[in-house]
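A.B. asks: Curious how this folds, go ahead:
(3 chains)
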Amino acid sequence: MAHRPIVTLTTDFGINDYFVGAVKGVILDIVPEAAIVDISHAVQAFDVLDGALTISQTYSYFPTGTVHMVVVDPGVGTTRRPIIASSDGYHFVAPDNGVLSMVYAKEERIHVRHVTSDHYFRQPVSNTFHGRDIFAPVAAYLAKMVDSHKFGEEIEDYVRFAAPKPKPAGDNRLRAVVLKVDRFGNLITNLTPEDAPALFTGKTPFKITVGSKEISDIRSSYAEGAPGEVFGILGSMGYLEIVANRAAAAQITGAGKGAEVSIVFSEGAAAGKGA
Amino acid sequence: MAHRPIVTLTTDFGINDYFVGAVKGVILDIVPEAAIVDISHAVQAFDVLDGALTISQTYSYFPTGTVHMVVVDPGVGTTRRPIIASSDGYHFVAPDNGVLSMVYAKEERIHVRHVTSDHYFRQPVSNTFHGRDIFAPVAAYLAKMVDSHKFGEEIEDYVRFAAPKPKPAGDNRLRAVVLKVDRFGNLITNLTPEDAPALFTGKTPFKITVGSKEISDIRSSYAEGAPGEVFGILGSMGYLEIVANRAAAAQITGAGKGAEVSIVFSEGAAAGKGA
Amino acid sequence: MAHRPIVTLTTDFGINDYFVGAVKGVILDIVPEAAIVDISHAVQAFDVLDGALTISQTYSYFPTGTVHMVVVDPGVGTTRRPIIASSDGYHFVAPDNGVLSMVYAKEERIHVRHVTSDHYFRQPVSNTFHGRDIFAPVAAYLAKMVDSHKFGEEIEDYVRFAAPKPKPAGDNRLRAVVLKVDRFGNLITNLTPEDAPALFTGKTPFKITVGSKEISDIRSSYAEGAPGEVFGILGSMGYLEIVANRAAAAQITGAGKGAEVSIVFSEGAAAGKGA
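C.D. replies: As a prediction, this is how the structure comes out:
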């Protein structure tokens, strides 16, 4: 069978330095036939949650067998463990700092190993760039079909954090948060339809306050808004987004990453199981 | 014959979000052996003309058979049509909003189809991310040699706009515009030698005014200017560029995208057919 | 033997224009099976030293046989020569302006050729974009295993500059410089352990002054510092870096690219061969 190895990269390395080039070189030196795919190198520096969000939104589009390398690693050089997490379809190679938490939440069956077989590492291993010295070669050997068992023992106590969920804030109120601002200035919140089904039925009046704006409409596409109007949408990531038609909601509302999103339903309306 | 599928991407998605990663995953899931080539993800957000310029300047360098996916799509979720445009050498997959206008202008023979065969789409199709759900899978199946006839009927009424051309502005005068500012601060205008041949012969005196500067020289390479001097050049895109040697003409002139470029020939000189 | 051609790109083209797309198209048109790997397109515009640093830090991670195209080319259109530099493992294609100087310093055996066989060029050759018209096709034909002898004669007088080294500045003093600031705000200096071994033994007290901060510790990983503390580290590039734990040393010290780094050893301590 013509197996073509695919390795994806999700990091906070940026694209202005030699980091990404070095990682790609190390991978290709081990598995020259690999397709290396950049998912993003623009994860916020040191921001494990942002990395968790990025990989969790992307990995499942790739073909079965893809190896996903995820490096947001403020603890490089400490005792935090390098791990391989294997689901039915994919391998993930990452530091054990919770950056795979939102993958764990989506994958029912996952096996996590502490990578200890250092003969797979690039020697000598530096204290400052495990992306190049540990994660890249491990990802490459996995892509080359080396069995994950060979890299180390399975562990159960891997680090995982709960993704921030909207919180009830009194009767008929929910408090959500802006997880990130995308390229178009859309505000991606942490609220899903599951958290507040009533928001998406069109039957229950509500008000959403974000920054300087109050919103009372959920629409189904960006183009449905008048110029300058801010409204809600169920975005492609599965979250409520605060958006504007051909304009940056972040700029119009003055809200950014981490901003509070307050949802208030009219009296008597159900706020759903999250409230 | 060893056919290697190539899919290029030209979008306004930026590289800080999950959009590009999701698109690449969807393509590779359908055609794992494809080479995916980023042309640019930095088309100005919602700027169909900027997208048209980018793809028209690049597509013809690629091997015959390449599939070019072009997504600048402010109308996503509305009734604007997804299309495949096929020339003798290439397929283009894009929204029908004019983003291929400058390709149409270069290709004499082109067939445009309205893509309606939704069994090629990723299901369910979202209202907000057709790049992932429609354009990526259609591009992937084309790269996999699915016949373009299978995607939908040919149409004649596809959207095209005329690229902005320099305009006569009185005797011996032309008014051009800055189409874009490149990475080096060069001002790319919309004026070609065809619009004003006299400008490039070296025989007719002229003055070009851009921002705060007046220019009376066209040179043949960037390095021919003195430090800080601003001059014209026939750039690699085929347009008049206002440039400086190892410096940013945009900064020196104070002019940017959309700025007026005024060309005045000395009395009695021919301004060419464009004037 | 299944040879898979690899071409890497290191340029100052940025990623917002059509330059990189055009280069990739030209390469793939000649050698469609090539893997094209972006090392960086964010070399500072016109900054040959920054380009030299980038390629010298990266090339050796790639498999033997890789072709490295390096284009930082302020002299495009002048008489500066296009060259191929061949080491035991790699070919480098670049303008002869010193951008390969730090490769020459690392490779004992290197042969440099002046590329004159213009039938390998894209015709007509522009005066403004040799990346597309000369360097890309030459790199592609090398990747296609065309013998380097065929491109032109070997030369000895190729341009090379000495990388800036730390300088003695009185008794027990060295003056180094910040070569670049990386994505995380780390200050990469030009000082290696060879320049001042005593700095890295932990036995000789010293003070390093950078911007507004004084540093007296070298640690072994980023995570060893307290919040806001600035300290030194031997970075993955082999240079002394001034860093902070999960914070940008550049911001804390107020120092940037080109800033002076003053090292003073306690009296009687040896400053190493560089002093």
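A.B. asks: who does the helix or strand harbouring A:Asp38 pair up with?
C.D. replies: Remark: A:Asp38 resides in strand A:35-40, with elements defined by DSSP states H and E. When sheet partners are counted by DSSP bridges, strand A:35-40 sits next to strand A:6-11 (parallel).
A.B. asks: Next secondary structure element downstream of the partner strand?
C.D. replies: The element immediately downstream of strand A:6-11 (helix or strand, assigned by DSSP H and E) is helix A:19-30.
A.B. asks: Look at the closest residue to A:Asn127 other than its chain neighbours and tell me its secondary structure.
C.D. replies: Nearest residue to A:Asn127, sequence neighbours excluded (Cβ to Cβ, 6 or more residues apart in numbering or on different chains): A:Gly77, at 3.7 Å. The C-beta positions use only the backbone N, C-alpha and C, and glycine is treated the same way. Here A:Gly77 is coil, with the state taken from DSSP: H, G, I helix; E, B strand; the rest coil.
A.B. asks: Go ahead and confirm A:Gly77 touches C:Ala223.
C.D. replies: Yes - the criterion here is Cβ atoms under 8 Å, and A:Gly77 meets it with C:Ala223 at 5.8 Å.
A.B. asks: Contacts only, for the residue of the stretch 101-250 of chain A found nearest chain B.
C.D. replies: With Cβ to the nearest Cβ, the shortest gap between the stretch 101-250 of chain A and chain B falls at A:Ser221, namely 2.5 Å. By Cβ atoms under 8 Å, 6 or more residues apart in numbering or on different chains, A:Ser221 lies in contact with A:Ile233, B:Val76, B:Gly77, B:Thr78, B:Asn127, B:Thr128.
A.B. asks: I'd like to know how far it sits from B:Pro74.
C.D. replies: Distance of A:Ser221 to B:Pro74, given as Cβ to Cβ, to the nearest Å: 10 Å.
A.B. asks: of the contacts of A:Ser221, buried ones?
C.D. replies: When neighbours are counted using 16 or more other Cβ atoms under 10 Å in any protein chain shown, the contacts of A:Ser221 contain these buried positions: A:Ile233, B:Val76, B:Gly77, B:Asn127, B:Thr128.
A.B. asks: CA atoms only for stretch A:204-214, dumped as PDB, please.
C.D. replies: In PDB, the C-alpha atoms belonging to stretch A:204-214 read as follows (Å, rounded to 0.1, in the frame of the first residue of the first chain):
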ATOM      1  CA  THR A 204     -36.400  33.400  23.200                       C
ATOM      2  CA  PRO A 205     -35.500  37.100  23.300                       C
ATOM      3  CA  PHE A 206     -32.000  37.700  24.700                       C
ATOM      4  CA  LYS A 207     -29.300  40.400  25.000                       C
ATOM      5  CA  ILE A 208     -25.600  39.700  24.600                       C
ATOM      6  CA  THR A 209     -23.300  42.400  25.900                       C
ATOM      7  CA  VAL A 210     -19.700  42.500  24.600                       C
ATOM      8  CA  GLY A 211     -17.500  45.500  25.100                       C
ATOM      9  CA  SER A 212     -19.500  48.600  24.100                       C
ATOM     10  CA  LYS A 213     -22.200  46.700  22.200                       C
ATOM     11  CA  GLU A 214     -25.500  45.000  22.900                       C
END
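A.B. asks: Pull the residues that contact that stretch.
C.D. replies: Under the contact criterion Cβ under 8 Å, 6+ apart, stretch A:204-214 has outside partners A:178, A:187, A:198-199, A:215-216, A:230, A:232, A:242, A:249, A:252-255, A:259-266, A:269-270.
A.B. asks: quick one: that stretch to chain centroid distance?
C.D. replies: Going by Cα atoms, centre = their mean, to the nearest Å, the spacing between the C-alpha centre of stretch A:204-214 and its chain's C-alpha centre is 26 Å.
A.B. asks: any idea of the mean pLDDT in it?
C.D. replies: With pLDDT averaged residue by residue, stretch A:204-214 scores 94.
A.B. asks: Just the buried positions in it, please.
C.D. replies: When burial is assessed from 16+ other Cβ under 10 Å, stretch A:204-214 yields the following buried residues: A:Thr204, A:Phe206, A:Ile208, A:Val210, A:Gly211, A:Lys213.
A.B. asks: next one: stretch A:36-46
C.D. replies: Applying a neighbour-count criterion of 16+ other Cβ under 10 Å, the buried positions in stretch A:36-46 are A:Ile36, A:Val37, A:Asp38, A:Ile39, A:Ser40, A:His41, A:Ala42, A:Val43, A:Ala45, A:Phe46.
A.B. asks: give the contact list for A:Gly225.
C.D. replies: A:Arg219, A:Phe231, A:Val243, A:Ala244, A:Asn245.
A.B. asks: From C:Ile134, how far off is the fourth one?
C.D. replies: Here the criterion is Cβ to Cβ. By it, A:Ala244 lies 46 Å from C:Ile134.
A.B. asks: Now do the spatially most central residue of chain A against A:Glu229, distance only.
C.D. replies: Centre of chain A computed as the mean C-alpha position; nearest residue by Cα atoms, centre = their mean is A:Leu53, 1.6 Å away. Counting by Cβ to Cβ, the gap between A:Leu53 and A:Glu229 amounts to 27 Å.
A.B. asks: re earlier: export the buried residues of stretch A:36-46 to a markdown table and tack on pLDDT?
C.D. replies: Listed next are the buried residues of stretch A:36-46 as a markdown table, based on pLDDT from 0 to 100:
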| residue | pLDDT |
| --- | --- |
| A:Ile36 | 96 |
| A:Val37 | 96 |
| A:Asp38 | 95 |
| A:Ile39 | 95 |
| A:Ser40 | 94 |
| A:His41 | 96 |
| A:Ala42 | 94 |
| A:Val43 | 95 |
| A:Ala45 | 93 |
| A:Phe46 | 93 |
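A.B. asks: Strand partners (parallel or antiparallel) of the strand ranked longest in chain A?
C.D. replies: Longest strand in chain A by number of residues, with DSSP state E as the criterion: strand A:173-181. Strand A:173-181 has these partner strands in its sheet, going by DSSP bridges: strand A:167-168 (antiparallel), strand A:187-189 (antiparallel), strand A:260-265 (antiparallel).
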